[in-house]
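Colleague: A predicted structure for the sequence below; I have some questions about it.
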Amino acid sequence: MSNPALSNNPALNGKTLTAEELHRIYDQPAASTNRPGVDAPLDSAVNPGQPPVITPSDRPMTYENTISKTVLLFVIVLALGAVGWMIPQLMIPGAIAGLVLGLVNSFKKEPSVPLIVLYAAAQGLFLGAISGTFEARLPGIVSQAVIGTLAVFGVTLLLFRSGKVRTSPRLTKIVLIAMAGYLVFSLVNFVVMITGLNTDPWGLRGGTLGLIIGGLAVLLAAYSLVMDFELVQNGVQNRVPEKWGWSAAFGLTVTLVWLYLEILRIIAIFRD
């Protein structure tokens, strides 16, 4: 889903930055004409011949370092997923930890690398456990869900790169409202399932209704990917500090995990 930590940052959401906002984001005097990671600091002018000193906080966010952070998170997800696959009892603890850490990371004003890494680890345990459970019942379903997830991601990225798909303020509001409604429905369905009010294995999401809701959820996740891509693009263009690349990587991880689970559920309903 869309990450509030990204969308609430003016340097990432495409809004025009004021001197005060730049001062807050870069943690340096707004009157300074030096751009972090680009122009030489003032002491290089005082000491000619000395190379500019660039600290990690000065480095700007780039596509390369954002991709590397995202890849690292998915390596963690896969590594812990192997553990969850072998120990399905970790499904519920992983799901609870992932939910809590996801909410904490989403609403933090500054990205926390340890919390983001812990989120990836918790989601890995949950995804591995639930994937192993589905695979035992429906052999081959995990590879089908992975292929479906990669297909949606690839098509969305190609359409975004071509400029044919972009977000709009009005549509984004509608999508965010739909996501909130979907979250409420999912929580109600979870309560219905654990209390035995509905004997269907999918709760309120069984049969045709489940397929319709799943299809809508995939569309919401695809739009969320577009939002993530735009926020990353804005961050790179505005040359925000590299640390915000962790928020971008976190947002992409959240969306792809959600997309995978929805596709896994849809395929399972079809095959059941």
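Modeller: Good, I have the coordinates. Numbering: from 1, shown residues only.

Colleague: Can you show me the strands along the stretch 51-200 of the chain?
Modeller: Assigned strands in the stretch 51-200 of the chain: none (criterion: DSSP state E, counting those that start in this stretch).

Colleague: so where's it shaky on pLDDT?
Modeller: 51-58 (pLDDT under 70).

Colleague: Just to check, residue 189 is in contact with residue 206?
Modeller: No - with contacts counted by C-beta atoms under 8 Å, residue 189 stays clear of residue 206, the gap being 9.9 Å. C-beta coordinates here come from the backbone N, C-alpha and C atoms, glycine included.

Colleague: element containing the closest residue to residue 217 other than its chain neighbours?
Modeller: The shortest distance from residue 217 to any non-neighbouring residue, by C-beta to C-beta, 6 or more residues apart in numbering, is to residue 262 (4.5 Å). Using DSSP states H and E, residue 262 maps to helix 244-271.

Colleague: same question for that helix, mean pLDDT?
Modeller: When pLDDT is averaged over helix 244-271, the result is 94.

Colleague: Packing partners of it?
Modeller: helix 4-7, helix 63-86, helix 91-106, helix 113-137, helix 141-162, helix 207-237 (3 or more C-beta pairs under 8 Å, 6 or more residues apart in numbering; DSSP states H and E).

Colleague: what's the fifth one packed up against?
Modeller: With contacts defined as 3+ C-beta pairs under 8 Å, 6+ apart, the secondary structure elements packing on helix 141-162 are helix 113-137, helix 207-237, helix 244-271.

Colleague: So the nearest residue to residue 159 once chain neighbours are set aside versus residue 132, what's the distance?
Modeller: Of all residues not flanking residue 159 in the chain, residue 165 sits nearest, at 4.1 Å (C-beta to C-beta, 6+ apart). Separation of residue 165 from residue 132 (C-beta to C-beta, to the nearest Å) stands at 34 Å.

Colleague: Ok, residue 222 next?
Modeller: Taking C-beta to C-beta, one finds residue 222 at 26 Å from residue 132.
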